[in-house]
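A.B. asks: Sequence plus predicted model, see below.
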Amino acid sequence: MFARLLLDEQNQIVGTTGVLNDVTERRLAEDRLRDELQFSQQLLEVIPYPIFVKDVEGRYLGFNKAFEIFWGIDRNEWAGKTVHDLLIGSLAEKHQLADHQVFHTGTTLSYEAPVQAGDRLIHETIYQKAPFRRSD
């Protein structure tokens, strides 16, 4: 809302003018969007498979509880780290090359790789990686 005083020649208030914008629809849309985001976050959190999100530089932006448990890590300590902080040598390189392929081709990629998880055992894993596209 915008309001302004109307003054006469003697600078006496003689009235006001104003503009009112009804933002009800926008607020309802924001509430729906917030609910959808919360639902998506809760859904990802309870999926029993490790899920992660990385940026184009390969830095972890987030992951679900299953990812934390599998790797034995704390998400608060892992934001911004890369696969090189998680794995060593050629294992890290394999994942980095896969990330690079997904980001630069824009296609989904599936591959198998052995990894040493948080329990220190070697696990045969299947990765499904896909690019996340923003609306812009």
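C.D. replies: That came through fine. Everything numeric here is computed off the predicted structure, so don't read it as measured data.

A.B. asks: Downstream of the biggest helix by length in the chain, the next helix or strand is which one?
C.D. replies: Ordering each helix of the chain by length in residues (DSSP state H) puts helix 24-46 first. Sequence order places strand 52-54 as the next helix or strand after helix 24-46, per DSSP states H and E.

A.B. asks: what's that next one in contact with?
C.D. replies: Tyr60, Leu61, Gly62, Phe63, Asn64, Phe67, Asp99, Phe132 (Cβ atoms under 8 Å, 6 or more residues apart in numbering). Bear in mind the C-beta positions are built from the backbone N, C-alpha and C, glycine included.

A.B. asks: same thing but at 10 Å, please
C.D. replies: Around strand 52-54, the neighbours that count as contacts under Cβ atoms under 10 Å, 6 or more residues apart in numbering are 44, 59-64, 66-67, 71, 75, 78, 82-83, 86, 95, 99, 102-103, 127, 129, 132.

A.B. asks: pLDDT on that strand, on average?
C.D. replies: Averaged over strand 52-54, pLDDT sits at 92.

A.B. asks: Could you tell me how many residues sit around His95?
C.D. replies: Residues near His95, counting by other Cβ atoms under 10 Å, number 22.

A.B. asks: Could you check how far it is from Lys81?
C.D. replies: 13 Å (Cβ to Cβ, to the nearest Å).

A.B. asks: Common neighbours of those two, please.
C.D. replies: With Cβ under 10 Å, 6+ apart as the test, His95 and Lys81 both reach Gly58.

A.B. asks: what helix or strand is His104 on?
C.D. replies: Using DSSP H and E, His104 sits in helix 89-105.

A.B. asks: now the end-to-end length of stretch 116-123.
C.D. replies: 6 Å (Cα to Cα, to the nearest Å).

A.B. asks: Repeat that for stretch 54-70.
C.D. replies: Termini of stretch 54-70 sit 17 Å apart (Cα to Cα).

A.B. asks: Repeat that for stretch 66-75.
C.D. replies: 11 Å.

A.B. asks: Could you pull up phi and psi at Ala3?
C.D. replies: phi -130, psi 150 (degrees, to the nearest 10).

A.B. asks: now swap in Gly58 and tell me
C.D. replies: The phi/psi pair for Gly58 (degrees, to the nearest 10) is phi 90, psi 10.
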